[in-house]
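Q: just the structure for this:
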Amino acid sequence: MASETAKIVLGVDPGLNTSGYGLLKVVANQLELIEAGVIRSKPKDSLEKRLQQIFEGVTDVIETFRPDVVAIEELYSHYERPTTAILMGHARGVLCLAVAQANVALHHYHATQIKSVMTGNGRAPKSQVQLAVMNQLGLNEVPDPPDVADALAIGICHFYLSRNQAINL
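A: Purely as a prediction, here's the structure:
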């Protein structure tokens, strides 16, 4: 029996101030946490400088860990806050650009889809998703900050959906 090659999934929770990321290794249909963290921009910097900081941060993560696939959360915002949606769109755009320039497959997931995969409820509170991430990865505590837990949930969601929907992992 041939040994199965490990695959690396990078989950990304986009944000202008803080983008969470989580790297998961998939071996023999099991998940293992490699690393998780945040990419921060400096709020006092200009928008273009902040976007550059996000771009460089995710590019560094991709170059260091060479993921096979990246999973990212779709843009979501309440209509009452269109400016927030636009700023988030900028951050998400540079994250997608970094992935495209690295020639890595990219998959997009809605927040309700991620929550549903993680908890069985597309409207689950953030705390429930965080506990599900902790349990799925066998961690001793909830990943902190919440952006990290969200990024790991996105990666876990991709893992499960790729198994069930013939998406390339």
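Q: shaky segments in this structure?
A: 1-4, 77-79, 165-169 (pLDDT under 70).
Q: again, 80 this time
A: Applying pLDDT under 80 to the chain flags residues 1-5, 76-80, 164-169.
Q: hang on, isn't L75 packed against T84?
A: No: with contacts counted by CB atoms under 8 Å, L75 stays clear of T84, the gap being 10.1 Å. Using the backbone N, CA and C atoms, a C-beta is placed for each residue, glycine as well.
Q: the more surrounded of these two?
A: L75 (16 against 12; other CB atoms under 10 Å).
Q: wait, a helix at that one?
A: No: counting by DSSP: H, G, I helix; E, B strand; the rest coil, L75 is not found in a helix; it is coil.
Q: ok, it - contacts?
A: 14, 85, 88-89, 92 (CB atoms under 8 Å, 6 or more residues apart in numbering).
Q: next one: N17
A: N17 makes contact with 40-41, 43 under the criterion CB under 8 Å, 6+ apart.
Q: these in strands, which ones?
A: Using DSSP state E, R40 are the members of these that sit in strands.
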